[in-house]
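A.B. asks: kindly return the folded structure for what I paste below:
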Amino acid sequence: MVLNAEDIMSPIPSPLPEDLDVASATKLMAKDHRGYVLVGENSTIKGIVTEWDFVSKVMATGINPEKIKLGEIMSTEIRSVAEDTPTRKVTVIMSKNGIRRILVGKNGRFVGIITSRDILRIFEDYVENVENVAGKYGLL
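C.D. replies: The predicted structure follows:
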């Protein structure tokens, strides 16, 4: 059985407004246990801000996070895959582009997100299945 992007994706959180200050956004990231926030309005996503954006564009430069807006530090180049993209291809795209998150699209809109944690979860399931099969044949 081949798993596709739709099989491992998580629902996308509601985007935050571009004019929200970074300090408030990082509090939401911590509360929701996410390493990112999506930026936009309604269901339109314009960008993403990750924990790396916060560290490299705010903290490392000494900018007060209460004085800078998400729209000023968001990455607007959003990588995405179609819902029927095989998981293997998703992992290759993420690896080759050095990204830990990728959005999933369906019918012209984003419907989910895949993170490196989602990939690790399916890898864990795969290893468990291999161990079970190997155990049946006395290979462990």
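A.B. asks: now do the helices in this protein.
C.D. replies: Ranges of helices within the chain are 5-8, 22-32, 51-54, 70-73, 87-97, 116-136, based on DSSP state H.
A.B. asks: among these, which is nearest residue 40?
C.D. replies: Between residue 40 and the helices of the chain, the shortest gap by CB to CB is with helix 70-73, which sits at 9.7 Å. Placement of C-beta: from N, CA and C, glycine included.
A.B. asks: what's the mean pLDDT across stretch 104-112?
C.D. replies: Stretch 104-112 comes out with an average pLDDT of 95.
A.B. asks: just the buried residues of it, please?
C.D. replies: 104, 105, 110, 111, 112 (16 or more other CB atoms under 10 Å).
A.B. asks: now swap in stretch 115-122 and tell me
C.D. replies: 115, 118, 119.
A.B. asks: show me the buried residues of stretch 104-112 that map onto strands.
C.D. replies: Members of those lying in strands (criterion: DSSP state E): 104, 105, 110, 111, 112.
A.B. asks: now, the most widely separated pair of the residues you listed?
C.D. replies: That would be 105 and 112, which, of these, are the farthest apart (CB to CB) at 8.7 Å.
A.B. asks: what touches both of those two?
C.D. replies: residue 83 (CB atoms under 8 Å, 6 or more residues apart in numbering).
A.B. asks: okay, the helices of the chain in TSV with distance to residue 81 next?
C.D. replies: Shown next, in TSV, are the helices of the chain (distance: least, CB to CB, whole Å):
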stretch	distance to residue 81
helix 5-8	5
helix 22-32	23
helix 51-54	21
helix 70-73	24
helix 87-97	6
helix 116-136	12
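A.B. asks: can I get those in CSV including mean pLDDT and distance to residue 41?
C.D. replies: Below are the helices of the chain laid out as CSV (pLDDT from 0 to 100; distance: least, CB to CB, whole Å):
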stretch, mean pLDDT, distance to residue 41
helix 5-8, 96, 25
helix 22-32, 97, 15
helix 51-54, 96, 19
helix 70-73, 98, 11
helix 87-97, 96, 26
helix 116-136, 82, 26
